[in-house]
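[1] give me coordinates for this.
(2 chains)
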Amino acid sequence: MSAEYVLEMRNITKNYGENTVLNDVTLKVRPGEIHALLGENGAGKSTLMNVLFGMPVIHATGGFGGEVVLDGDKTNITSPHDAMTKGIGMVHQEFMLLPGFTVTENIKLNREVTRKNIVSRVLGRNMETLNMNAMSSAARKALDSVGMSIDEYTRVEGMPVGYMQFVEIAREIDKTGIKLLVFDEPTAVLTESEAKQLVSVMKAIAESGIAIIFITHRLDEVMEAADSITILRDGKLVTCLDKKQTSIIELAELMIGRKGEAMVSVEPREVPHDETAMSVRDLYVNMSGEEVRGVSFDVFKGEILGIGGLAGQGKLGIPNGVMSLYPSDGEVTLFGEQLTLGNASNALRMGIAMVSEDRKGVGLLLDQSIEDNIAFTAMQVKGEYLHKFGPISLKDGAAIRAQAEKMIKELDIRCFGPLQHSGTLSGGNQQKVCIARALTLNPRFLFVSEPTRGIDIGAKKLVLETLVKLNREMGMTIVMVSSELQELRSICDRIMIVSEGKLVDILSPAASDADFGLAMSGIKPDEHRGGEAQ
Amino acid sequence: MRNVNWGKLLRENAVTIMFILMTALCLIFSVEQQPLNFVLYELFGRLSRNAFIVLALIIPIVAGMGINFAITIGAMAAQIAVLWVIEWGISGLPGMLLAALMTVPLAAFFGFLIGKLLNKMKGQEMIGGLILGYFANGLYQLLFLFIFGNLIPLNAPGLVIKGSTGVANTIDLSTERGFKYALDDLWKVDFGTAMYILFGVLAVITIIMLITKKMKPVRGGVYLGVMAAAVGLYQIPVVASLFSMVKVPMVTFMVVGVLCLFNTGLLRTRLGQQFRAVGQNRTVANASGINVDKVRVIAIMISTVLAGWGQLIFVQNMGSFQTYGAHEQVGLYAGAAILVGGAGIRKATNGQAILGCILFHLLFIVAPAAGKSLFGDAAIGEYFRVFISYGVIAAALVIHAWSGVQKKKTAKEALSE
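    Predicted coordinates for the structure are as follows:
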């Protein structure tokens, strides 16, 4: 225990195929300190933790480079269970609790206190009887140490989420020989007062000598709780800082950083604000992992509005909610007309089209030809491209072909012809087919969700240029959702940042990195500066 | 806690309530055709031979695998054992015990294979088990028609089809080589005696628990009171006469009782905790280091072996069985019975299994007579009881699906919690 660091991860490198997701990253954690791990999505935080826990996904994809040192000894962690026996615990973002079990049973899951009985002497440990009294007194002790007064016999089912979080922590603390605890976004589900309590519990745990790795996107909590901070960006180590020598602004800046130059340059212009195209009030969307909790905003006719934010904060929920692809509530008007949520064809009929982020799942019929993909929604929703014979309608092959060829030419879709199956196209060209299909609906309003996800740089540029062209030449109002801030900044007129399902701020693309970083962690840049000035 | 949610109670027990109403109705219409004391006689007979196999379903349900329709295969294992015990001519209780012993490795091995397969189709265990039962039936027929009595000769009289090869259609256990009533006839008493013995034992246990303060006085008092009332009621001649035909096979019911205790005891062990954890959420169980696949295989193995024993109890009571058909409906009827008792495909207790068994068989007994008095034809009642057993399974599954739907809320409500 004399080592300076309880955990050292030295020069960790990890490739998934051609993709380098971690490049020479080093993380050093002292005993009894709270070490914050910061970074945007895709920065490599979760991969680094997967390496630490020996997750099967790491070993199944060729292992990793570099070494993991625990208490000064080089170790090889082979599985999550192995990590547990070596004293590394995890408080999960999604609760690993069984609703039908009591608090005690959850805390002691698979580490039950048992008594020997006649059968167990023959058939082994698994047949030993549970000793509920011993289990609940141990659970009580663990609960007390996290400041939870809740009865240890309560069932987890129906408990407030905040309590569940503390039960999880109690379970980790109850494990003997725990040296290092990883908290993965622990405050995301907590109320403000619960989050405060959590931070004080974390401090108490750290004081007892257990080191904590604290993964969060809330910079203010980092400043409050952490002793030192490691920042990752694009799989590389940016820096490791002492909390005392840094500020929220610096952290925000370091986290965002400039990622290369803008791919597409757009003439700066006045943001259009004459006519409201869409007005959204109090939108709630129940999209698992991308929940939206009460967002209101207006989109002006003729603008490109960007929606940004970290993954899982609700930015994808907004277009999916307005299109009613997921259960949603709220008031949406399009050019003054009320849009009834709850039925996807309503939105399509009113002239809103969407290019989905789930290109292969929702976006394309991969086994169908390009022309069928392009005309499909228009046929289904608007009854276009059809010959009607009484109750029977047949595809109008000629009209479809003409439209497909027009789109292939306009959007420069690289293919052998309109009959090629869309599944055989490259990612960028598939994306263009999706855009073509949206345009075939003659929409008044276009949602584009993660248009450049999973396509190469050249194709990204083309897709973005297509969007700009649509906007400038056809006057299309576009709302674009993207995880890549740089992309949003290069073509949008305004950028809306959401965090935890709520709108934080609408920023100009020219705003500073620090402002974007603050907004993504849920802090309104103006208010933060105002607060500091006082 | 005092506020009972009647709507919820009704919804959760809809199958049981429906069944009670239906059985009561049939009972009313059947009384003139068959007297009540005959109904009770039949009921006890059926309970003694069927309760065990229904109880074998509990562990897989708790482990989240739904109703194990593959218990059919456990029954096949038992029938293989019975065939050989008869061939060797080991009769009576030793024969029964040897068959039980032989069933263990056979059923455990089959259970292991079933478990391995069901692990490859998580979430589809019920349909998987059902189809597996049909598939195994083919192998069973191959074994009994071609291999036994053909490649492996059988010498016992009556085991082989006369003038042909393969095992005979019916295997008779009532010959001197068989073990008909091996268990039942060990100790048979009339209903009154059985009740006095049972309540005597229960009363002693209750009093001991009261003295050692392991039970709350109120609870113990209620138990003793209920027992005293039942004994008192039995003193009324009319009540006693209802049970006049009933003969209780004490050992058989004791075996059933031991299985209940086994189920309860097992769920209180480390392994039992693992069953329950895996049943609730495999991801969470896995994250806490439980070997989910292994636990599921063990659950199915236990269930298959128990089902095999259940089938032995069944055939020793019946005295003979259809070689090629006796196992076929085992899974279906046992599954229907446990659902009737109020068990779901995620939750089941001993009490639900026993209650379900009683209700299900009660309907079986009274339905033909009710059909006769209502429609003048017993076959219609017969038709109804088959139709109902499928209907119950369908209803239970639909109600299970509905209970998921009712939790749906609007997006705003779901998120503002």
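[2] helices of the stretch 201-350 of chain B, start to end?
    B:217-234, B:237-242, B:250-267, B:270-280, B:282-287, B:292-318, B:330-340, B:350-375 (DSSP state H, counting those that start in this stretch).
[3] winner for burial among the ones you listed?
    A comparison of the helices of the stretch 201-350 of chain B by mean neighbour count, using mean count of other CB atoms under 10 Å in any protein chain shown, puts helix B:330-340 on top with a mean of 26. In short, each C-beta sits where N, CA and C put it, glycine included.
[4] can I get the helices of the stretch 201-350 of chain B in JSON lines including distance to chain A and mean pLDDT?
    Below are those laid out as JSON lines (distance: least, CB to the nearest CB, whole Å; pLDDT from 0 to 100):
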{"stretch": "helix B:217-234", "distance to chain A": "18", "mean pLDDT": "90"}
{"stretch": "helix B:237-242", "distance to chain A": "41", "mean pLDDT": "87"}
{"stretch": "helix B:250-267", "distance to chain A": "8", "mean pLDDT": "93"}
{"stretch": "helix B:270-280", "distance to chain A": "4", "mean pLDDT": "92"}
{"stretch": "helix B:282-287", "distance to chain A": "5", "mean pLDDT": "86"}
{"stretch": "helix B:292-318", "distance to chain A": "9", "mean pLDDT": "94"}
{"stretch": "helix B:330-340", "distance to chain A": "19", "mean pLDDT": "88"}
{"stretch": "helix B:350-375", "distance to chain A": "16", "mean pLDDT": "88"}
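[5] what helix or strand is residue A:505 on?
    Counting by DSSP states H and E, the element that carries residue A:505 is strand A:502-507.
[6] now swap in residue B:381 and tell me
    helix B:378-406.
[7] next one: stretch A:42-51 to chain centre, how far?
    13 Å (CA atoms, centre = their mean, to the nearest Å).
[8] close to chain B, is that stretch?
    No: counting by CB under 8 Å from any CB of the partner chain, chain B has no neighbours in stretch A:42-51; the shortest distance is 13.5 Å.
[9] got the contact list for that stretch?
    By CB atoms under 8 Å, 6 or more residues apart in numbering or on different chains, the residues outside stretch A:42-51 that reach it are A:9, A:12, A:14, A:21-22, A:25, A:27, A:37-39, A:57-58, A:64, A:68, A:90, A:182, A:184, A:213, A:215, A:232-236, A:483.
[10] isn't residue A:377 up against residue A:439?
    No: with contacts counted by CB atoms under 8 Å, residue A:377 stays clear of residue A:439, the gap being 10.6 Å.
[11] got the residues of the stretch 251-400 of chain A near chain B?
    Selection of the stretch 251-400 of chain A residues close to chain B by CB under 8 Å from any CB yields A:284, A:285, A:286, A:291, A:292, A:293, A:321, A:326, A:327, A:328, A:329, A:330.
[12] excluding covalently adjacent residues, which one is nearest to residue B:315?
    Excluding the flanking residues, the one nearest residue B:315 by CB to CB, 6 or more residues apart in numbering or on different chains is residue B:321, at 4.7 Å.
[13] and that neighbour, what are its bridge partners?
    residue B:171 (DSSP bridges).
[14] count of neighbours near it?
    As a burial measure, residue B:321 scores 21 neighbours (other CB atoms under 10 Å in any protein chain shown).
[15] make sure residue A:387 is indeed in a strand.
    Yes: applying DSSP: H, G, I helix; E, B strand; the rest coil, one finds residue A:387 inside a strand.
[16] mind checking the SS state of the residue nearest to it when sequence neighbours are not counted?
    The shortest distance from residue A:387 to any non-neighbouring residue, by CB to CB, 6+ apart, is to residue A:394 (4.7 Å). Three-state assignment for residue A:394 (three-state DSSP): strand.
[17] and residue A:394, how close does it get to residue A:367?
    21 Å (CB to CB, to the nearest Å).
[18] which bits of the stretch 101-250 of chain A sit near chain B?
    Taking CB under 8 Å from any CB, the part of the stretch 101-250 of chain A that reaches chain B is made up of A:101, A:105, A:109-112, A:114, A:120, A:125-130.
[19] before we move on, the earlier item: what about the residue nearest to residue A:387, how many residues close to it?
    Residue A:394: 9 surrounding residues under other CB under 10 Å.
[20] so how far is residue A:385 from it?
    Relative to residue A:385, residue A:394 is positioned 10 Å away (CB to CB).
[21] try residue B:249
    Per CB to CB, residue B:249 is found 76 Å from residue A:385.
[22] what about residue A:90, which SS state?
    Following three-state DSSP, the label given to residue A:90 is strand.
[23] same deal with residue A:229?
    strand.
[24] that one contacts residue A:240, correct?
    Yes: in this structure residue A:229 lies within contact range of residue A:240 using CB under 8 Å: 7.1 Å.
[25] more crowded one of those two?
    The neighbour comparison of residue A:229 against residue A:240 (other CB under 10 Å) goes to residue A:229, with 24 against 13.
[26] contacting residues for that one?
    Listed by CB under 8 Å, 6+ apart, the contact set of residue A:229 reads A:35, A:36, A:37, A:38, A:222, A:240, A:241, A:242, A:243, A:246, A:251.
[27] OK, contacts around residue A:485?
    With CB under 8 Å, 6+ apart, residue A:485 has these contacts: A:256, A:259, A:308, A:495, A:516.
[28] next, the angle from the helix holding residue B:381 to helix B:350-375.
    Here the directions of helix B:378-406 and helix B:350-375 differ by 140 degrees (axes from the mean of the first three to the mean of the last three CA atoms, to 10 degrees).
[29] that older thread, which single one of the residues of the stretch 101-250 of chain A next to chain B is nearest to residue B:342?
    The closest of those to residue B:342 turns out to be residue A:101 (CB to CB; 21.7 Å).
[30] what count of nearby residues applies to residue A:522?
    Burial of residue A:522 is recorded as 21 neighbouring residues (other CB under 10 Å).
[31] so how far is residue A:497 from it?
    9 Å.
[32] who touches both of the two?
    Common neighbours of residue A:522 and residue A:497 (CB under 8 Å, 6+ apart) are residue A:504.
[33] tell me the SS of residue A:212?
    Assigned with three-state DSSP, residue A:212 falls in the strand class.
[34] and for the closest residue to chain B within the stretch 351-500 of chain A, the neighbour number?
    Evaluated by CB to the nearest CB, the stretch 351-500 of chain A has residue A:500 as its residue closest to chain B, separated by 11.2 Å. By other CB under 10 Å, 20 other residues sit near residue A:500.
[35] thinking again about what came up before, any common contacting residues for residue A:377 and residue A:439?
    Joint contacts of residue A:377 and residue A:439 (CB under 8 Å, 6+ apart) are residue A:353.
[36] looking at the two, which is more packed in?
    residue A:439 (23 against 18).
[37] what strand or helix carries the more buried one?
    helix A:427-440.
[38] could you pull out the buried residues of that helix?
    Under the neighbour-count criterion of 16 or more other CB atoms under 10 Å in any protein chain shown, helix A:427-440 has A:427-440 buried.
[39] dump the residues you listed to TSV, plus distance to residue B:286 and pLDDT.
    Output for these, formatted as TSV (distance: CB to CB, whole Å; pLDDT from 0 to 100):
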residue	distance to residue B:286	pLDDT
A:427	33	81
A:428	38	82
A:429	40	86
A:430	35	87
A:431	37	87
A:432	42	87
A:433	40	89
A:434	37	90
A:435	41	89
A:436	44	90
A:437	41	89
A:438	41	89
A:439	46	88
A:440	46	89
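[40] how are the helices of the stretch 151-300 of chain A distributed by residue range?
    Remark: helices assigned in the stretch 151-300 of chain A by DSSP H, counting those that start in this stretch are A:161-174, A:192-207, A:219-225, A:248-256.
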